[in-house]
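Chemist: Here's my sequence, what's the structure:
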Amino acid sequence: MIRIGILGDIGSGKSFVAKNFGYPVFNADKEVEKLYKKNKKIFLKLKKVLPNFIQSYPINKSEIIKAILSNKVNLKKIISIIHVEIRKEMKKFLRNNKKKKMVILDIPLLLENKINKKGDILIFVKSKRSEITKRLKKRTNFNKNLFNKFKKLQLPIDYKMKKSNYIIKNNFTKESVKRNIKHILNNI
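Modeler: Purely as a prediction, here's the structure:
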């Protein structure tokens, strides 16, 4: 099975690109959402380490945001609990798709958390900064302070580009992305 890891800046369109490959996608952001909504064990762990913030089950995203914005230690606490579960979910996804020719890993901190393996094909999604900013501001839950906290967790963009086997320039049109993907798949 070929594992393709999608890299890029926050808001660069990684999930959009991942969906267009036509292969099973492990989307870590969606998995985190599921954990917040359906995993009582996660709720209890977060409530224990963040009793002043985590009050309701299913976990309300606004409670998570308040916890993160209140101090930098809280984000580390959340990550330490969530990432263990995300890794379990990813292993389950890989087991369930082991007979597939290819799988796509849409995991925001793939390199930072050393989730990639040596043989993985890494694809960097490159987008214009102005386009990213415009798209992020359209998000209903966009918060500049929160964005900056997550940005600090990321490795530099130049480093990610150097580590990548391919770069897709995302101008946010399906035709352009499909063309780039077809080119990559032909080369794999």
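Chemist: Tell me who's in contact with residue 116.
Modeler: Residues near residue 116 by C-beta atoms under 8 Å, 6 or more residues apart in numbering: 3, 5, 105, 110, 122. From N, CA and C alone the C-beta is placed, and that goes for glycine too.
Chemist: cool, and residue 153?
Modeler: Counting by C-beta under 8 Å, 6+ apart, residue 153 makes contact with 75, 109, 112.
Chemist: Considering these, which possesses the most neighbours?
Modeler: residue 75 (19 neighbours; other C-beta atoms under 10 Å).
Chemist: can you tell me the helix or strand for that residue?
Modeler: Residue 75 is part of helix 72-96, with elements assigned from DSSP states H and E.
Chemist: Repeat that for residue 145.
Modeler: Secondary structure (DSSP H and E) places residue 145 in helix 144-153.
Chemist: How about residue 181?
Modeler: Counting by DSSP H and E, residue 181 is part of helix 174-187.
Chemist: Can you tell me which helices and strands that helix packs against?
Modeler: Packed against helix 174-187 by the contact rule (3 or more C-beta pairs under 8 Å, 6 or more residues apart in numbering; DSSP states H and E) you find helix 14-19, strand 166-169.
Chemist: In the shortest one, which of the residues would be classed as buried?
Modeler: For strand 166-169, the buried set under the neighbour-count rule, 16 or more other C-beta atoms under 10 Å, comprises 166-168.
Chemist: Residue 135 against residue 11, yeah?
Modeler: Yes - using C-beta atoms under 8 Å, residue 135 is in contact with residue 11, at 5.4 Å.
Chemist: Which of these two has more residues huddled nearby?
Modeler: The neighbour count for residue 135 versus residue 11, taken as other C-beta under 10 Å, is higher for residue 11 (19 against 16).
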